[in-house]
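>>> below are the sequence and a predicted model; questions follow.
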Amino acid sequence: MSLLSVHDLAVARGGMRAVEGVSFTLDAGQALILRGPNGIGKTTLLRCLAGLQPPVAGRIQMAPDSAAYAAHADGLKSTLTVAENLAFWARIFDRADIAPALAAMNLQGLRDRAAATLSAGQKRRLGLARLLVTGRAVWLLDEPTISLDAASAALFADVVRSHLAQGGVTVIATHIDLSLPQAQVIDLTEYRANPGAPSARPAGFNEAFA
Ligand SMILES: Nc1ncnc2c1ncn2[C@@H]1O[C@H](COP(=O)(O)OP(=O)(O)OP(=O)(O)O)[C@@H](O)[C@H]1O
C-alpha cells in the first residue's frame, strides 16, 4: 500500500523555484534518500511534504496527519527535562509510554536533565526520540544525524530500520550513508529548476509564516 505518493512536484523558496518534476511513491516499509549539494532544495522539498509550505506545482498524496517532521532545529523546550520533553510530545500525539523512545535513543541516563544542559548530540538524540512518540507512519527527516557520533548515528539507523519493518516509510535528506537496505535514492541535482521558471508564490504567501 502506498503511504506517500508525489507526482511532478515543483517547490520554491525565497521566491525562486528550486527543483521541479520530482515524482516518487513509497509503499509500507520503503525509504527514500534525498541527495544533492547545499542549496539544491532538499529542505524545501521536505517542508512541502510536511505541509509547512505549498508546492508550486504537482501533487502530494498522503493520509491526513500521517507525517512527522524532524527539521534542522531540535524543537526542544529548554527548561523541561528530557523525560518532560518527551512526555509533552507524547501527550500531543495521544501516547502514554515514553520508555521505548528513551531506550531507543539511549536517553535513560539523561532523563532528568534539563534540555538546555544537553550537548548538541544529546539534544539531537532527544529531538529524534520525539519521532517515536508521534505514532506517525511517514517520517520526514532533514539531516537527522548532524551532531551525532558514529555510535548514535548507528543507533538512529536501527530506529529507522525498525520503523520501516513496522510498515512505516521515510524520506531522509542526508549526506551520509545510513545503510538502509533497498532505499530509493533521488539526487535532486537532476531536478534543478529552470532559472526562468515562475516561482508561482501563492497570493498572500508570507515566508515569515511558512
Ligand atoms: N529562509 C529562506 N529564505 C529565502 N531563501 C531560502 C531560505 N532558506 C533557503 N533558501 C534558498 O532556497 C534554496 C533551497 O534551499 P534548501 O534549504 O531547500 O536547500 P538544501 O538542499 O536543503 O541545502 P543544504 O544541503 O545546505 O541543507 C537555496 O537556494 C537557498 O538559498
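Everything's here; your move.
>>> please make it C-alpha for all contacts and neighbour counts, starting now.
Fine.
>>> isn't Asp74 up against Ala120?
No. Applying CA atoms under 8 Å, one finds Asp74 not in contact with Ala120, separated by 9.5 Å.
>>> so Phe159 lies in a helix, does it not?
I think there's a mix-up here, since residue 159 is Val and not Phe. Yes. Assessed with DSSP: H, G, I helix; E, B strand; the rest coil, Val159 lies in a helix.
>>> numbering from 535 from now on, please.
In the new count, where the first residue is 535, that last one comes out as Val693.
>>> pretty sure it sits against Ala638.
Yes. Applying CA under 8 Å, one finds Val693 in contact with Ala638, separated by 6.8 Å.
>>> need the pLDDT of the residue lying closest to Leu722 once chain neighbours are set aside.
Distances taken as CA to CA, 6 or more residues apart in numbering put Gly570 closest to Leu722, at 5.3 Å, once the chain neighbours are dropped. Per-residue pLDDT puts Gly570 at 96.
>>> OK, contacts around the residue nearest to Ala591 when sequence neighbours are not counted?
Excluding its sequence neighbours, the residue lying closest to Ala591 (CA to CA, 6+ apart) is Ala544, at 5.0 Å. Residues near Ala544 by CA atoms under 8 Å, 6 or more residues apart in numbering: 551-556, 589-592.
>>> just send those back as JSON lines, with pLDDT, distance to the ligand and secondary structure too.
Converted to JSON lines, those look like this (pLDDT from 0 to 100; distance: CA to the nearest ligand atom, whole Å; DSSP: H, G, I helix; E, B strand; the rest coil):
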{"residue": "Arg551", "pLDDT": "95", "distance to the ligand": "8", "secondary structure": "strand"}
{"residue": "Ala552", "pLDDT": "96", "distance to the ligand": "6", "secondary structure": "strand"}
{"residue": "Val553", "pLDDT": "97", "distance to the ligand": "8", "secondary structure": "strand"}
{"residue": "Glu554", "pLDDT": "97", "distance to the ligand": "12", "secondary structure": "strand"}
{"residue": "Gly555", "pLDDT": "97", "distance to the ligand": "15", "secondary structure": "strand"}
{"residue": "Val556", "pLDDT": "98", "distance to the ligand": "14", "secondary structure": "strand"}
{"residue": "Pro589", "pLDDT": "96", "distance to the ligand": "12", "secondary structure": "coil"}
{"residue": "Val590", "pLDDT": "96", "distance to the ligand": "13", "secondary structure": "coil"}
{"residue": "Ala591", "pLDDT": "96", "distance to the ligand": "16", "secondary structure": "strand"}
{"residue": "Gly592", "pLDDT": "97", "distance to the ligand": "17", "secondary structure": "strand"}
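>>> in a markdown table: the residues you listed, plus neighbour count.
Compiled in a markdown table, the contacts of Ala544 are given as follows (neighbours: other CA atoms under 10 Å):
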| residue | neighbour count |
| --- | --- |
| Arg551 | 24 |
| Ala552 | 26 |
| Val553 | 25 |
| Glu554 | 24 |
| Gly555 | 17 |
| Val556 | 19 |
| Pro589 | 25 |
| Val590 | 21 |
| Ala591 | 16 |
| Gly592 | 15 |
